[in-house]
Structure formats: C-alpha cells, structure tokens
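J.: no sequence on this one, just coordinates:
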C-alpha cells in the first residue's frame, strides 16, 4: 500500500497486459492498512489518474465502513463493495451507498451471491467464505421459495437486486466456467416482475418480526 508499491504494481500489470493505461485501478482490501492506503496508495493513484495512466481510481473491500471513509475523505471515482449489499446483507445501504450517491461515486456491487449461498442454498453452502449457519440457509431458502412463486431463480434476483439502488453502477459476477457465464447472460435478460421485489421485502419483514 506504499506509493512506490502502487506504481510498481501498475507498471507490471500494464506490461503483462500490453497496454499503456487501464480503465480502473482499485486499492484491494486495505483493511489492516487503512492509514497507509489513505496517505500513500490513494495519492499515488490520484497522480496516475492525472497522468492518464488510469481512467478511474477507487477501493475494493468486503466491508462498508472503510469504503465510506474513502468516499467522504478522498476524490475516488468508484468503490467495489463485496457481499454487503445483497438480499441477505444490506449493511452497505446504511452509510456507504448514500454517501456514494451524494458525492457521485459509482458503486460496483460484488459478492452478490454471498460466496454461493444465494446461488444455490443448501446444507453446506458457503456464506462469506465459510460454511453458512443453518439460520442463514433457512432464510435463503425462504427467499428462494418466494422467487419460485414468480418463476424466477433466486440467483437471478440476487444478481439483479443491487441495481435498483441509484448509487450502484454495475454488478460484478464471479464465474468459474463458461457455463456460469452463459447462465449469467441468460439470467440478465430474464424479466423480473416488480411484484417479486415487494414479495421479497414482505418476506424479510416477516422474518424481522419473527
């Protein structure tokens, strides 16, 4: 997360890519190095953006709190928030998304399946990189049942959900095979009725009351 480290990493990436610039460069997971990322990595990226080596700069993390600080305290263009604005975890909506919308910072929503649970909820499914507890599996299955009533796969709703927020510019889908890419493209074209979102919200409200 040093300034020199940022420049060296970008130079090596450009060499491997055979390019003289990249569209976006993100500081990756500076959780334990927030101060250095703010004082060294970010200014280095800011200079690279001014030099034209990078089109847009930002930060990507699995948490919302530090991303919110970057949004409010710097002049970044974009943040990638993973797993914190999904059908199961909407914590990024508390502060990060409003701050991004206010400052005109684009949000990329990643981890929309919460490591897999929202793609195929079943015993042993992962949630945020570890085995999901039974309570979350049950919750995901309830969401899946609601989606089934409308003929929509849960994974389609999970991938589309973040895009309803005005701060979210795109959704990042991880794929392990060509088949998963084909599936993601097919589901992107799937029509999702507005009533489904109402039904999912009602289901979550019932869960909160229970």
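T.: Thanks, I have the structure now. Model, not experiment: these values are computed from the prediction. Numbering: from 1, shown residues only.

J.: residues contacting residue 173?
T.: 112, 159, 184 (Cβ atoms under 8 Å, 6 or more residues apart in numbering). For glycine as for every other residue, the C-beta is placed from the backbone atoms N, C-alpha and C.

J.: Nearest to residue 125, out of these: which one, please.
T.: Nearest to residue 125 among the contacts of residue 173, counting by Cβ to Cβ, is residue 112 at 14.6 Å.

J.: about what we covered before: let's have the contacts of residue 173 in JSON lines, adding neighbour count.
T.: Output for the contacts of residue 173, formatted as JSON lines (neighbours: other Cβ atoms under 10 Å):
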{"residue": "112", "neighbour count": "25"}
{"residue": "159", "neighbour count": "24"}
{"residue": "184", "neighbour count": "16"}
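
J.: quick one: least confident of these?
T.: pLDDT across those is lowest for residue 184, at 91.

J.: Are we agreed that it is in a helix?
T.: Yes: counting by DSSP: H, G, I helix; E, B strand; the rest coil, one finds residue 184 located in a helix.

J.: Which residue ranges of the chain form strands?
T.: Taking DSSP state E to define them, one finds strands in the chain at 22-28, 54-61, 78-82, 106-110, 126-127, 130-131, 168-171.

J.: right, so those: which one is the most enclosed?
T.: Counting by mean count of other Cβ atoms under 10 Å, strand 78-82 has the highest mean neighbour count of those, with a mean of 25.

J.: Check which helices and strands that one sits against.
T.: In this structure, strand 78-82 packs against strand 22-28, strand 54-61, helix 65-73, helix 96-103, strand 106-110, with contacts taken as 3 or more Cβ pairs under 8 Å, 6 or more residues apart in numbering; DSSP states H and E.

J.: which of the residues in stretch 26-44 are buried?
T.: 26-27, 29-30, 34, 37-38, 40-42, 44 (16 or more other Cβ atoms under 10 Å).
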